[in-house]
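Trainee: after the sequence you'll find the predicted model.
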Amino acid sequence: METLNFECDIYKYKQPLFDKALSYTRDEDEAADLVQDTFMKAFRFSAKFELGSNIRAWLFTILKNTFLNHYHKVKRKNDLVQQEDDLSSAQLVISATSNAGAGKFMMEDIQKALTALPEDCRYCFCRYFEGYKYHEISNELNIPLGTVKTKIHIARGLLKKMLRNYKDRTAA
């Protein structure tokens, strides 16, 4: 169809299209946008329009389909947002606070277990835990490197035995 005739033919339906769009959207700005989208699609697909067909019906079909596609797109987006707004207990774990009392008791038990270690093992383990390397502890105490490693290994084993009640709780 010739471009000039096509433009003239479709623009005479601007007001009826706007009225129908307004009945769909109930908002003048959205209705105007919908009519504009309809005209853009009509121009884009003008080659597919069959001469002799009802141009009014064709335009109203484009208007309706454009509205429905936009409506479904917005609905899917809103459904997604609403589903994410419903928080599950797994999501709440991230923002929930823990019982500080349990941590206090755990720290007291760790202090008791450390105090119960033999003095030489406790000192080596604490220095290692503070970030010192094996050789630094060995040089500080003037003892062989293997002895430092052994004392730290013994301290770890004893602490594991004394604090085994906490093993299952911290693994989760």
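Mentor: Received, thanks. Numbers count the residues shown, from 1 in each chain.
Trainee: now for the longest helix seen in the chain, which elements pack on it?
Mentor: Using DSSP state H, we find that the single longest helix of the chain is helix 55-85. Of the remaining helices and strands, those touching helix 55-85 by 3 or more C-beta pairs under 8 Å, 6 or more residues apart in numbering; DSSP states H and E are helix 3-11, helix 14-25, helix 28-44. For glycine as for every other residue, the C-beta is placed from the backbone atoms N, C-alpha and C.
Trainee: buried ones in the last one?
Mentor: Buried positions in helix 28-44, judged by neighbour count with 16 or more other C-beta atoms under 10 Å: Ala31, Leu34, Val35, Asp37, Thr38, Phe39, Ala42.
Trainee: quick one: the fifth one and Phe18, what's the gap?
Mentor: Read that as Thr38. Distance from Thr38 to Phe18, counting by C-beta to C-beta, to the nearest Å: 10 Å.
Trainee: and for stretch 31-45, what are the contacting residues?
Mentor: 6, 10-11, 14, 17-18, 21-22, 24-25, 49, 58-59, 62-63, 66-67, 70 (C-beta atoms under 8 Å, 6 or more residues apart in numbering).
Trainee: stretch 60-71 now?
Mentor: Contact with stretch 60-71 is made by Leu17, Lys20, Ala21, Tyr24, Thr25, Leu34, Val35, Asp37, Thr38, Lys41, Ala42, Phe45, as judged by C-beta under 8 Å, 6+ apart.
Trainee: wait, what's in contact with the fifth one?
Mentor: Put plainly, it is Thr25. In this structure, Thr25 makes contact with Ala31, Leu34, Phe67, judged by C-beta under 8 Å, 6+ apart.
Trainee: same list (those residues) but as TSV, adding distance to Leu145 and pLDDT.
Mentor: Below are the contacts of Thr25 laid out as TSV (distance: C-beta to C-beta, whole Å; pLDDT from 0 to 100):
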residue	distance to Leu145	pLDDT
Ala31	83	90
Leu34	80	90
Phe67	79	90
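Trainee: Lys167 - nearest residue in space that isn't next to it in sequence?
Mentor: Excluding the flanking residues, the one nearest Lys167 by C-beta to C-beta, 6 or more residues apart in numbering is Lys160, at 7.8 Å.
Trainee: now for the one helix or strand the one you found maps to, which elements pack on it?
Mentor: Secondary structure from DSSP states H and E places Lys160 in helix 145-162. Applying 3+ C-beta pairs under 8 Å, 6+ apart, one finds that helix 145-162 contacts helix 100-116, helix 119-129, helix 134-141.
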